[in-house]
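[1] Task: produce atomic coordinates for the following.
(one chain, ligands or ions: 1)
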Amino acid sequence: MATLLVIKAHPASDVISTSLTMGDRFIESYKESNPQDDVLVHDLYAEGNIAIDSSNLNVWKKLTDGTKYDELTPDEHILISRQQLLQEEFIKADKYVFINPMYNLFLPSKLKDYLDIVCQATKTWDYQKGGFLKDKIALHIQSSSGKYHSSDNPDMLKLDMGDHYLRMILRQIGVTDVQGIYCEGLNGQNPQADLQAKQAAYRQSEELGQQF
Ligand SMILES: Cc1cc2nc3c(=O)[nH]c(=O)nc-3n(C[C@H](O)[C@H](O)[C@H](O)COP(=O)(O)O)c2cc1C
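    Purely as a prediction, here's the structure:
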C-alpha cells in the first residue's frame, strides 16, 4: 500500500479551475485504480498560514541556542508540532502531486511556502550527501495562459520557472522521477481551442491517474 500526497495550491478552490479540475480527474482515476492506497490532500490556501516567518525563525533560534522543547511557549509548541507533522507526512509519502495555476511565471506563493517548510536541509537533504528521499515519484499539474512546454517554441520552456524550480528542489531532496501535465494557451482568444486543450488535459490526467 502506497501513500499519495496531493498538494493543491489555488487561492480559489470554490471556482471552476482548470488546474484543480485536472487534479480532481487525476485523483478520482488514481483512487479507482489504487483503492488500497492512502490519498492525503492539502489545500494550502484553505488551510491557513504555513510559512517561514519571524515566529519560526525565533523558535528555531531558541532551540539552536539550547532551549529545551519543553521550555517553549504553548504557541511555539503548536507552531513546531504542525511543521513537524507536515514534514513527517511529506517524508513518509511515496508519491507527490502538486497542482497549481501559473502565476507570474512561477508557482503560487503558498506552494513555495509549503516547500520551504517540508524541504528543509538536514531533514530531507544534506549539502554534502544530497537528497534523502529516494524511490519516490512526483507529478506537477499546471495550467497557464501562455505555452511554455510546446515543441513549436522550445525557448519558452525556460520561462516556466515554477516548474523548473519544483523539479530542482525535488531533485535536491532526492526525487528525480518527476512528470508533468500542462494545460496551456488558455488565453480566451479562441474558446474552441481552450476547450480542446482542457479536454485533452483532463483526459491525460485521467490516463496518468491509472498508471501513476
Ligand atoms: C495573478 C496571475 C498571474 C498570472 N501569471 C501568468 C503567467 O505568468 N503566465 C501565464 O501563462 N499565465 C498566467 N496567468 C494565467 C493563469 O495561469 C491561467 O489563467 C490559468 O489557466 C489559470 O488556471 P486555473 O483555471 O486553474 O485558475 C496568471 C493569472 C493570474 C491570476
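
[2] What strand or helix carries the residue nearest to the spatial centre of the chain?
    Most central in the chain under Cα atoms, centre = their mean is residue 98, positioned 3.1 Å from the mean C-alpha point. Using DSSP states H and E, the element containing residue 98 is strand 95-101.

[3] Could you check that strand against the ligand for contacts?
    Yes: Strand 95-101 comes into contact with the ligand (Cβ under 6 Å from any ligand atom), by way of residue 101. Glycine gets a C-beta too; all of them are placed from N, C-alpha and C.

[4] Next, the buried residues of the helix or strand following that strand.
    The first helix or strand that comes after strand 95-101 along the chain, using DSSP H and E, is helix 109-118. Residues of helix 109-118 classed as buried: 110, 111, 112, 113, 114, 115, 117, 118 (neighbour count, 16 or more other Cβ atoms under 10 Å).

[5] Now find how far off-centre the longest helix anywhere in the chain is within its chain.
    Using DSSP state H to define each element, the chain has its longest helix at helix 191-211. Mean C-alpha position of helix 191-211 versus that of the full chain (Cα atoms, centre = their mean, to the nearest Å) differs by 20 Å.

[6] all numbers from here: first residue = 301
    All set: I'll call the first residue 301, so the last point we hit is now helix 491-511.

[7] how far off strand 395-401 does that helix point, in degrees?
    170 degrees (axes from the mean of the first three to the mean of the last three Cα atoms, to 10 degrees).

[8] Check which helices and strands helix 491-511 is in contact with.
    On a contact count with 3 or more Cβ pairs under 8 Å, 6 or more residues apart in numbering; DSSP states H and E, helix 491-511 meets helix 318-333, strand 437-443, strand 477-483.

[9] Let me know which of those is tucked in deepest.
    strand 437-443 (a mean of 23; mean count of other Cβ atoms under 10 Å).

[10] circling back to that earlier point, export the helices and strands packed on helix 491-511 as JSON lines, with columns for mean pLDDT.
    What follows is the helices and strands packed on helix 491-511, written out as JSON lines (pLDDT from 0 to 100):
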{"stretch": "helix 318-333", "mean pLDDT": "98"}
{"stretch": "strand 437-443", "mean pLDDT": "98"}
{"stretch": "strand 477-483", "mean pLDDT": "98"}
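
[11] hmm, back to that, could you tell me the angle between the strand holding residue 398 and helix 318-333?
    Using the same axes, to 10 degrees: strand 395-401 against helix 318-333 is 150 degrees.

[12] Residue 329 contacts residue 504, doesn't it?
    No: counting by Cβ atoms under 8 Å, residue 329 sits too far from residue 504 to count as a contact (10.6 Å).

[13] Enumerate every residue touching residue 458.
    residue 464 (Cβ atoms under 8 Å, 6 or more residues apart in numbering).

[14] sorry, back to before: in TSV, list the helices and strands packed on helix 491-511 along with distance to residue 350.
    Shown next, in TSV, are the helices and strands packed on helix 491-511 (distance: least, Cβ to Cβ, whole Å):
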stretch	distance to residue 350
helix 318-333	18
strand 437-443	19
strand 477-483	22
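
[15] where does the chain have low pLDDT?
    Applying pLDDT under 70 to the chain picks out no residues at all.
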